[in-house]
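Asker: Below: sequence and its predicted model.
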Amino acid sequence: MSAAGAGLLGKLVGQTAVYGLSTVVGRLLNYLLVPLYTYQFTDPADFGVVTEFYAYASLLNVVLTYGMETAFFNFSAKRGRNPAVYSTALLSLGLSSALFLAFLTLNAQPLADALRHPEHPQYVLWMAWVIGLDALTAIPFARLREQQRAGRFALLKTLNILVNIGGNLLFLGLGKWAFESDTVPAWLGWAATLYDPQIGIGYVFIANLVASVVTLLLLAPEFLQARARPELALWRQMLVYALPLLLAGLAGMVNETMDRILLKHLLPAQVAMQQLGIYGACYKISILMSIFIQAFRYAAEPFFFAQYRQADARVLYALVMRWFVIACSFIFLAVMANIAWVQYFVGASYREGLAVVPILLLANLCLGVFFNLSIWYKLTEQTRFGTYLALWGAALTLVLNFWWIPRLGYMGAAWATLICYASMALLSYLLGQKHFPVPYDLGRLLGYPLLAVLLYACLLPIEGLAPAPELALRNGALAAFLGMVFLLERKRRRSNA
């Protein structure tokens, strides 16, 4: 690859690091809430409520942004950052978010009844406002990414997470402890008033709502920059581009969240919420992979759009993919090699579901590969293929979940997720090579994850050894993986020199 290409790759790495700093640090801090939830609420059914509502929220977030972020990137790049693009996208999401909030505010109780939480309509109301406010801030955050203002983006995202964490610690940490304890110091007596057992796990939603309001206020300068007059014709063009992405995004979110929604409805009622809570907590352990993928996507999507006219762009895309797979393979092995202590991030009553972790890590790896591959239909404006692929994945997800969940429980949901994402990545690769060929190194893209899985399999027989030798062997496998990557990549570099 040329020196210019290497420099561009370095630029992407730098931006990924900045976005990743806020994402990784913030979500890792957020990850620390998992012990708070699973140790404070020892009945997995309580955490099942959180898992369920955030599954609904993920679906609704896609609906309320309806592909407008990607449309904003596309039209900004092709119109020389025309300020009308920003104003048009912002007004569109503002109006749709207002309609959504009005509808759910007026219908909170009927919706709570339909979701089998008739005693908690406030859960519906609080989450509705979280979803609506997050949709409203999507375009200002996209503008920060488009302007490559990674620092401000990272700061605001980090503050959002810190406020959310602070609220959780205040209500569910200090408040719940003070309410239930008989040994609260007199000067902390006020803390007991922070917790109401009738709300219980609902404080998770309250803390999130407070964080969303704070973020909205901090984005005021970005909202005030929308001075250009929105254009109706431009809005129609953006919708034509974005709506296929909405369908693709919605189908993709079905792939990601439908397992948690269906678990509640396909398992016997007496165990459904408990099983959902166990699955949701263990799902969180695979967060390291999803954190990296999210940080990468924040930087990569505008980067790929910016480089698509360059002569060596396709070689650069292949290089990015290879190192992305290497990083994800390392994360898989790092988590599974240290699962003996990672498991303590969830309470004891949740650990029976740890068997889903390696399956979900591999599923996230396949999803990340699919995100990388998806650039071909976005760059060529053939976004209908994204819809086709996502619809295929959604159909497969539904079929496999309806088939396996009643028979295998949450293990069936995990396997369905892996098979869905792997098939989507394969189909996207085959279609992409026909419409927008990129010289991906298939041997290494398949070989590095296989190497990580084989090394993990070699570690299974050593369970039960003395702690020191076991720790040395497990992390020796990590060193072996890195050593083999180094040798193989050095050999490749020399052969290309």
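Answerer: Here it is on my side, so go on.

Asker: Tell me how far the one helix or strand D134 maps to lies from the chain's centre.
Answerer: Under the criterion DSSP states H and E, the helix or strand holding D134 is helix 121-136. Shown here is helix 121-136, whose average C-alpha point lies 19 Å from the average C-alpha point of the whole chain (Cα atoms, centre = their mean, to the nearest Å).

Asker: Run through the neighbouring helices and strands of it.
Answerer: The contact analysis (3 or more Cβ pairs under 8 Å, 6 or more residues apart in numbering; DSSP states H and E) places helix 121-136 against helix 44-65, helix 83-106, helix 108-114, helix 203-218. Quick note: C-beta positions are derived from backbone N, CA and C, even for glycine.

Asker: Return the angle between stretch directions for the next helix or strand after that helix and helix 121-136.
Answerer: The helix or strand immediately downstream of helix 121-136 is helix 138-146, counting by DSSP H and E. Using axes from the mean of the first three to the mean of the last three Cα atoms, to 10 degrees, the inter-axis angle of helix 138-146 relative to helix 121-136 is 40 degrees.

Asker: State the mean pLDDT of helix 138-146.
Answerer: The average of the pLDDT scores along helix 138-146 is 90.

Asker: Give me the mean pLDDT for the helix or strand just after that helix.
Answerer: With elements assigned by DSSP H and E, the helix or strand that comes after helix 138-146 is helix 150-168. In this model, helix 150-168 has an average pLDDT of 90.

Asker: before we move on, what about stretch 225-235?
Answerer: Across stretch 225-235, the average pLDDT comes to 85.

Asker: could you dump that stretch to PDB, C-alpha only?
Answerer: These are the backbone C-alpha positions of stretch 225-235, laid out as PDB (Å, rounded to 0.1, in the frame of the first residue of the first chain):
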ATOM      1  CA  GLN A 225     -26.200  26.300  14.200                       C
ATOM      2  CA  ALA A 226     -29.200  25.100  12.100                       C
ATOM      3  CA  ARG A 227     -29.800  28.600  10.700                       C
ATOM      4  CA  ALA A 228     -30.300  27.600   7.000                       C
ATOM      5  CA  ARG A 229     -33.800  27.200   5.700                       C
ATOM      6  CA  PRO A 230     -34.800  23.600   5.400                       C
ATOM      7  CA  GLU A 231     -35.600  22.500   1.800                       C
ATOM      8  CA  LEU A 232     -38.600  20.400   1.000                       C
ATOM      9  CA  ALA A 233     -37.100  19.000  -2.200                       C
ATOM     10  CA  LEU A 234     -33.900  18.100  -0.400                       C
ATOM     11  CA  TRP A 235     -35.900  16.400   2.300                       C
END
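
Asker: Go through that stretch and flag the buried ones.
Answerer: Using 16 or more other Cβ atoms under 10 Å as the burial criterion, the residues of stretch 225-235 that qualify are A226, P230, L234, W235.

Asker: Surely the third one is in contact with F75?
Answerer: To tie it back to what came earlier, the one meant is L234. Yes - when contacts are counted by Cβ atoms under 8 Å, L234 is listed as touching F75 (7.3 Å).

Asker: can you list residues touching both of these two?
Answerer: V85 (Cβ atoms under 8 Å, 6 or more residues apart in numbering).

Asker: Which secondary structure element of the chain has the lowest mean pLDDT?
Answerer: Of all helical and strand segments in the chain, the minimum by mean pLDDT, DSSP states H and E falls on helix 3-31, at a mean of 62.

Asker: just the angle between the helix holding D134 and helix 83-106, please?
Answerer: Per the same axes, to 10 degrees, the angle that helix 121-136 makes with helix 83-106 is 180 degrees.

Asker: In TSV, list the helices and strands packed on helix 121-136 along with distance to S423 and mean pLDDT.
Answerer: Rendered in TSV, the data for the helices and strands packed on helix 121-136 read as follows (distance: least, Cβ to Cβ, whole Å; pLDDT from 0 to 100):
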stretch	distance to S423	mean pLDDT
helix 44-65	21	93
helix 83-106	32	93
helix 108-114	32	94
helix 203-218	33	97
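
Asker: Export those helices as JSON lines, with columns for mean neighbour count.
Answerer: As requested, these are exported to JSON lines (neighbours: other Cβ atoms under 10 Å):
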{"stretch": "helix 44-65", "mean neighbour count": "21"}
{"stretch": "helix 83-106", "mean neighbour count": "18"}
{"stretch": "helix 108-114", "mean neighbour count": "15"}
{"stretch": "helix 203-218", "mean neighbour count": "20"}
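
Asker: Name the nearest residue to G175, ignoring sequence neighbours.
Answerer: Distances taken as Cβ to Cβ, 6 or more residues apart in numbering place L194 nearest to G175, at 3.1 Å, with adjacent residues excluded.

Asker: Count the residues that sit near the one you found.
Answerer: L194 sits with 17 neighbouring residues when counted by other Cβ atoms under 10 Å.
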